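J.: need the 3D shape of this:
(one chain, ligands or ions: 1)
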Amino acid sequence: MSAIIEIEHLSKVFRLAKRRPGFLGGLRSIVNPELQLVHAVQGLSLRVERGEMIGLIGPNGAGKSTSIKMMTGILQPSGGSIRVAGLVPIERRRELAAKIGVVFGQRSQLWWDLPLIDSLRLLRHLYRVPETRFRTNLAQLCELLDLKAFLDTPVRQLSLGQRMRGDIAAALLHEPELLYLDEPTIGLDVVAKARIREFLQRLNTERRTTILLTTHDMDDIEALCQRMVIIDHGHKLYDGTVTEIRNTFGKDRMLIAVLEQSALQQLPRDEAGEVLLPDLPAQVQLVRTDGPQIWLQFHRDAMPAHELVAWLGQRVTLRDVTFQEPEIESIIRRIYEEDLLLHQVTA
Ligand SMILES: Nc1ncnc2c1ncn2[C@@H]1O[C@H](COP(=O)(O)OP(=O)(O)OP(=O)(O)O)[C@@H](O)[C@H]1O
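T.: Residues are numbered from 1 along each chain as shown. Now for the predicted structure:
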């Protein structure tokens, strides 16, 4: 495999003029500005092989967009090195533009008042795509993204999902080797999200287009990426598989048991009337009750599921039991909130 993105110790520092409070403070800030440094990206190293589909995630302000802007050549790095498709982005922006496609979920590169097809035609000229290639690509994209019904509609009248499909088509007209997507499914309904994910999957497997996407939607990551990179405060905290994250931090499972009504009535209750399970094993917590259902949280390594079912079965008559694995979404939230990865930075 050969790398399409090679980043070594990349950093970006923004210098902001700090405004002092009050009118006089404002005047002093103009005459004698006090600078505040924002370390948006700090020592980021990343290697992405051709054909990979990789998810870049992190809380708001983590440095994701700044990293992408440096990878596209929009921003000059403050330190470190970066090569995309063999080019230094900031020095070879034009050449790089022919090799990459960019989609920002919150912004559009389409012309608001023009019909979608006119925007696509204009972009064909900007990217210098030959007419025959344009027609072939457009026909393919129309079919895969189902654009036909609204090609002649002005962009401002498109639904968010239609506009996003239009934007993705616009970014792919010149057949880039690498596609950056910043929040591609933001604000879309379930059906529209599924459609975009399916398209990206096909693009990656059939055309071998390398895809780097940033998202807050963990379902995007689970559906699309084998590999994910977590960044926070400009640092890389994790680089590995979704499965690894699950295995390391997602070991709390949930047992949901439905009890026989008679068994439920025999159980002791606290002052608020909530069911109590005396002598619960130390690693198990009763987290919720609702009618005949109880939720027991337990650690996969500390107590095997069958032992817990056996323990419970000896005390109450069970009608049904199911198990729930934690959602990746909640694992990631825990990682951010509890700084779980802070001391486990991977290379
Ligand atoms: N042009 C700029 N000038 C000054 N500070 C900036 C600039 N752009 C970004 N920052 C700061 O750099 C940090 C990283 O911002 P960035 O937009 O890269 O985060 P992000 O991970 O993309 O966040 P989000 O998920 O909210 O889009 C933030 O503290 C932000 O305020």
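
J.: tell me the helix or strand right after the host helix or strand of residue 101.
T.: If you go by DSSP states H and E, residue 101 is part of strand 100-104. Proceeding C-terminally, strand 100-104 gives way to helix 116-126 as the next helix or strand, assigned by DSSP H and E.

J.: which residues touch residue 288?
T.: Counting by CB atoms under 8 Å, 6 or more residues apart in numbering, residue 288 touches 294, 295. Any C-beta I mention is one placed from the backbone N, CA and C, and that applies to glycine too.

J.: neighbouring strands - and their directions - for the strand or helix carrying it?
T.: Per DSSP H and E, residue 288 falls inside strand 284-290. Here strand 284-290 is paired, per DSSP bridges, with strand 293-299 (antiparallel).

J.: around the ligand, which positions in the chain sit nearby?
T.: Counting by CB under 6 Å from any ligand atom, the residues of the chain close to the ligand are 14, 16, 38, 40, 58, 60, 61, 62, 63, 64, 65, 66.

J.: buried ones in the host helix or strand of residue 135?
T.: Using DSSP H and E, residue 135 sits in helix 131-145. Buried residues in helix 131-145, counting neighbours by 16 or more other CB atoms under 10 Å, are found at 134, 137, 138, 141, 142, 144, 145.

J.: swap in stretch 157-174?
T.: Using 16+ other CB under 10 Å as the test for burial, stretch 157-174 gives 158, 161-174.

J.: any idea how far residue 161 is from residue 192?
T.: 3 Å (CB to CB, to the nearest Å).

J.: my guess is residue 259 meets residue 315, correct?
T.: No: using CB atoms under 8 Å, residue 259 is not in contact with residue 315; the gap is 9.7 Å.

J.: identify the residue nearest residue 329 in space, chain neighbours excluded?
T.: Closest residue to residue 329 apart from its sequence neighbours, by CB to CB, 6 or more residues apart in numbering: residue 218 at 4.4 Å.

J.: burial check on the one you found, number of neighbours?
T.: A count of nearby residues for residue 218, using other CB atoms under 10 Å, gives 19.

J.: quick one on the thing from earlier: same for the helix holding residue 135, what does it pack against?
T.: helix 116-126, helix 160-172, helix 190-206 (3 or more CB pairs under 8 Å, 6 or more residues apart in numbering; DSSP states H and E).

J.: ok, and the closest non-adjacent residue to residue 312?
T.: residue 257 (6.0 Å).

J.: check which element follows the helix or strand containing residue 246 along the chain.
T.: With secondary structure defined by DSSP H and E, residue 246 is part of helix 242-249. Going down the chain from helix 242-249, the next helix or strand is strand 252-259, by DSSP H and E.

J.: can you name every helix or strand that that next one contacts?
T.: strand 293-299, helix 305-315, strand 318-324.

J.: circling back: can I get the helices and strands packed on helix 131-145 in JSON lines including mean pLDDT?
T.: Shown next, in JSON lines, are the helices and strands packed on helix 131-145 (pLDDT from 0 to 100):
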{"stretch": "helix 116-126", "mean pLDDT": "93"}
{"stretch": "helix 160-172", "mean pLDDT": "92"}
{"stretch": "helix 190-206", "mean pLDDT": "90"}
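
J.: output these as TSV; include the columns distance to residue 71.
T.: Output for the helices and strands packed on helix 131-145, formatted as TSV (distance: least, CB to CB, whole Å):
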stretch	distance to residue 71
helix 116-126	20
helix 160-172	14
helix 190-206	18
